[in-house]
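sequence and predicted structure, then a few things I'm wondering about:
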Amino acid sequence: MKVSYQWLSEYVDLSGTTPQELAEKLTRSGIEVDAVESRNAGVSGVVIGYVKERSKHPDADRLNVCVVDAGQGEDLQIVCGAANVDKGQKVLVALIGAKLPDGLNIKRSKLRGVESQGMICSAKELGLNDKLLAKDQQEGIMVLPADAEIGMDAISYLGLDDYVLELGLTPNRSDCLSMLGVAYEVAAILGKEVVFPQIELIENGGDNPIQVKIEATNESYQYHGRHFTNAKIATSPQWMKNRLMAAGIRPINNVVDVTNYVLLEYGQPLHAFDATQVVDRSIVVRLANEGEKLVTLDDQERTLDEQTLLIADQTKGLAIAGVMGGANSEITGETSEIILEAAWFTPKTVRRTARMLGMRTEGCVRWEKGVDQARVQEAGERAAALIQQLSGATVSKGISSAVVSEATPAVVSVTLAKINQHLGTDMAASEVSPIFERLQFPYEVAGEKWTVTVPTRRGDITLPEDLVEEVARLYGYDNIPTSLPSGSTTQGQLTKEQQLRRIIRHHLIGTGMNEAISYALVHPDRVEAVAGLHQEKVNPVALMMPMSEDHSVLRTSLIPSLLETVAYNKNRQNHDVAIFELGRVFLTKEETLTQLPEERLYVAGALTGQLLTQNWMGAKQPVDFFQTKGIVESLFARLGIQAAEYKAVQEIAGMHPGRTAEVWVGEKRLGYLGQVHPGTEKAYDLSETYVFQLNVATLIDVAAEVGHYNQLPKSPAVTRDLALVVDRSVAAGALEATIRKAAGELLESVTLFDVYMGERIAQDKKSMAFALVFRHAERTLQDEEIQQVTTAVVEALKNNTGAELRM
Amino acid sequence: MQTRLQEMKESALGQISQVTEAAQLQDLRVKYLGKKGELTELLRGMGGLSPEERPVVGQLVNEVREALEAAFSGKQKAFEEAALFAKLSSQTIDVTLPGRPVPAGTMHPLSRIIEEIEDIFIGLGFEVAEGPEVEMDHFNFEMLNLPKDHPARDMQDTFYVTEELLLRTQTSPVQARTMLKKEGKTPLKMICPGKVYRRDDDDATHSHQFTQIEGLVIDKKIGMSDLKGTLLTFARQMFGENQQIRLRPSFFPFTEPSVEVDLQCFNCGGHGCRVCKQTGWIEILGAGMVHPRVLEMAGYNPEEVSGFAFGMGVERIAMLKYAVEDIRHFYTNDVRFLRQFNRG
């Protein structure tokens, strides 16, 4: 809502309050003012002039030489390039020394040898928004009506000495979608009265011939028709144009402008019909038939349905109620007989139709939020009076009305105790009553309880708490004291799960990875580009109306998003990337969702290039499977997960079949890690990239905390190294498992410390060297014991894996 | 005899001080203190002394021996130190070369803000609650006093999955769920951080996915002054102990009264600058007293208990705190962006 400061000052005394001060006060008490703008974009020294003579420039076809009376004592000679300038016009003259918004300073000059003592201006040159200008004013100089006063300053003529307050209204304060609504608010803040416009209407015609019938009584509660004859359609006077333009509305003609003016003044949308187009002057408010068509004012043919409310005569639709009029009954330059509609339609009806048709007029906005039922007829009378005043129309006697029901104001009670408890204040009753008075809310007070009859313009107030808010905002939030909740204390802490999630995040950061957060909505083609962790068949959750295909389904795997991120970085020459994300995936087994999908929290990482920055100490160390596995293992160590098993897998979609492992703890599958399939890498335009993805719930499930410590050993350990030669296909994990099993309790640890494949052993073989540490808790081990165990280990290795000791 | 001893001592000390190599020193030691050394030779001659002279000369011999020993070992030590220094000097490295890199990752700026805010409210006795990102219309809107057709639903255009299921547009449904779980018990103090989604075209200031933190307190006798005090405490811990807050009336369907909370601009300290658009204040939170209908729907009796709720955008706070001009940086994850959040 754009509010002209000057216009507002007609309804409430603003003396002593500047536009800026008013804006601050409004904002602090509940109506946010987004901007205060001067209507003057930088004009000075422009006055109204009269073109007494116009002749062709002797040396330039397109230029005119005008003699202009601008009330300056002497006539001015002005050279003008506009095609539409002519003798007898009233125009806007920028005098010598004038300033215009585009930075132009008018100086005495010569144009092709002819002296020019100023400039005749177009509307645009004065900084007027040309979208709000009548079509004939958008080109050439601005021609004013004949009654414009010669010598008058253009600033006051065009109302440029005004300020416009742009209100950012919250949905509950639709009462401030009107000048009078704003006036009530301002009056309450400043402690002033609201002055209503005087309605001076003379019924100087015959009887009102209009018939009105409301058939759709659930959708329309009242309808009033005024009838006019002998109207002269013309442009509106300048004061009205100025106000409409200040509010951002384009002036059209005196009748349409009046309906818009009263729309702004009362917040009541109105509509005017050419009465000769209404058969029998008979109006029916009914629902449309399914498929019924109407060409609206914007020349679009609209197809209506059975829930569209229609204003019609006996033969055809005339207007879509509350949304837009029909072209068939539009006010034109020839119109002289007029029907003026002032009606009330339910917000829901208008909102639905406006949405269906994709239309959102100034009227729709007000209907949707609710128009004050108590002032429908008053607004209609105000408009009728203005139409009579501006078009010279004859007004027929009486109003043709149909009324289904009238508004009943809400009655709401509130006690002083409630107010003080809710606000934490210590107000006295004598502080509360004046607030209701300032708001012009009639009330009765009994003891410390107020029973308030809420004016229908404030439909947002229905509960005691709503009254508390009114009191609070006018009492001032700055005056409310500061305290902390005084009830019983509560223990604030993270849950175990929340703590572990933080541990996971902090640990991965410690390994050198950067935490990333990516979009949960992804492209359907990419959703399973690298598989999630679910093993059952699931469907991704898709949006009904996505904004783009790129963000149309919810992810079921974190890896595709991370790969997008890696690709994004690669395109920006960030070749070393190590990122991880803790985020949810969304899974459902249903084809069409009827229940909430399952949300699982995963942690996933992606690494490419080098983890450590290139340094002078050695060759590049590109990330590989084992670096990735090292990070995963360190996370497991941090979480106390000891018995993780890594199983080679070939079938995970999007993963390298020879370089991927699943991670299991007992029967629980934690996730997987490995290299991204080269085909997928190519699809994303990636270099070699390694990833891991783990289910956080499962991690937390198998995590363990530090328990009792192990006593430090008193006896010495003995180390034996075993270098084994095995087939290349034998997994290190299998060897280690065999060693552990065969060595029994005396084995303290086993560490793989060398892997060799090459010239010194057979081509299909590899050598793996393990360090075995033996210890007995109480005593020193004997050589023979160790020898015995070692022999058993070697024997078991030979039997289970075909391993031979390397000589 | 005594004279000879003195002479020998003088001569030996003189020679020791002149020595430049360890080998020479050894030769001198043999010459004077060895089995056939000069001192030993002199001792042999003691047999010819009178019983009175013997102890006197004996003592002198010992003195000379000790003096020479001290001189020899002093010189020896000097040689060793010099040799060690020479050896270590040959091991000199360039101490200006960079150190061996140690991996250092970074926390996402949004996570940093969330953890910081969580910790502040945990300190005030709040629990951290969570809820689903795909929500029922019922919890996202209706339980929050936003029935279907409510005009305020325009404020938050919604991604629907079905007629009844949607991507939550706010973290408030978690409040509704937590209240129901409490079954009318008080006190309830919670915050809920989480991702939310709205139908916005992504640009510098809009994102279809973003992050909110909301808070809720329900107890007997909670008033607006408690909201003010709690948020002031939060603001001072988060943004500095001299912070001031300002409340302005506003509207949210689930609170009544509703307020916007402004923070004194931390860029200019309230004097007015580009960040606060010359007002000295920055809008940072929406808040209010929980609407009685919301309390009722969640199983509380609004005649007996009251509460306050507040909510803030994590991206907005991060953008203000780190002067990030484009919200998309948080989701495109350029590592050059992420790596800057490496300290503090």
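Looks like it came in fine. Numbers count the residues shown, from 1 in each chain, chains lettered A, B, ... in the order given.

where exactly do the strands run in the stretch 201-344 of chain B?
Using DSSP state E, counting those that start in this stretch, the strands assigned to the stretch 201-344 of chain B run over residues B:209-219, B:245-252, B:255-264, B:281-290, B:306-313.

would you turn those strands into a markdown table with distance to residue B:169?
For the C-beta atoms, the positions are set from N, CA and C on the backbone; glycine is no exception. Written out in a markdown table, the entries for those read as follows (distance: least, Cβ to Cβ, whole Å):
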| stretch | distance to residue B:169 |
| --- | --- |
| strand B:209-219 | 9 |
| strand B:245-252 | 12 |
| strand B:255-264 | 16 |
| strand B:281-290 | 13 |
| strand B:306-313 | 12 |
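
all strands of the stretch 201-350 of chain A, in order?
In the stretch 201-350 of chain A, strands defined by DSSP E, counting those that start in this stretch lie at A:211-214, A:220-229, A:270-274, A:282-287, A:293-295, A:301-303, A:309-312, A:317-320, A:324-325, A:338-345, listed in chain order.

for the last one, packing partners?
What it means is strand A:338-345. Counting contacts by 3 or more Cβ pairs under 8 Å, 6 or more residues apart in numbering or on different chains; DSSP states H and E, strand A:338-345 packs against strand A:220-229, strand A:270-274, strand A:282-287, helix A:376-391.

what's the answer for the third one, then?
When contacts are defined as 3+ Cβ pairs under 8 Å, 6+ apart, strand A:270-274 sits against helix A:254-266, strand A:317-320, strand A:338-345, helix A:376-391.

same question, the first one
Under the contact criterion of 3+ Cβ pairs under 8 Å, 6+ apart, strand A:211-214 touches strand A:220-229, strand A:282-287, strand A:400-403.

so for residue A:584, which of the strands of the stretch 201-350 of chain A sits nearest?
Evaluated over those, closeness to residue A:584 peaks at strand A:301-303, with 43.0 Å, by Cβ to Cβ.

now do the helices in the stretch 151-300 of chain B.
For the stretch 151-300 of chain B, the helices defined by DSSP state H, counting those that start in this stretch cover B:172-182, B:224-239, B:292-297.

quick one: average pLDDT of stretch A:472-481?
Stretch A:472-481 shows an average pLDDT of 94 in the prediction.

out of the strands of the stretch 201-350 of chain A, which one sits most buried?
strand A:338-345 (a mean of 27; mean count of other Cβ atoms under 10 Å in any protein chain shown).

for that strand, list the C-alpha coordinates in CSV.
Presented in CSV, the C-alpha positions along strand A:338-345 are these (Å, rounded to 0.1, in the frame of the first residue of the first chain):
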residue,chain,number,x,y,z
ILE,A,338,-23.9,4.1,-15.6
ILE,A,339,-24.6,1.4,-13.0
LEU,A,340,-22.2,1.6,-10.0
GLU,A,341,-21.8,-1.5,-8.0
ALA,A,342,-20.9,-1.6,-4.3
ALA,A,343,-21.0,-5.1,-3.0
TRP,A,344,-19.5,-7.7,-0.7
PHE,A,345,-18.2,-11.0,-1.8
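
next one: it to chain centre, how far?
35 Å (Cα atoms, centre = their mean, to the nearest Å).

partners of it in the sheet?
If you go by DSSP bridges, strand A:338-345 pairs up with strand A:220-229 (antiparallel), strand A:270-274 (antiparallel).
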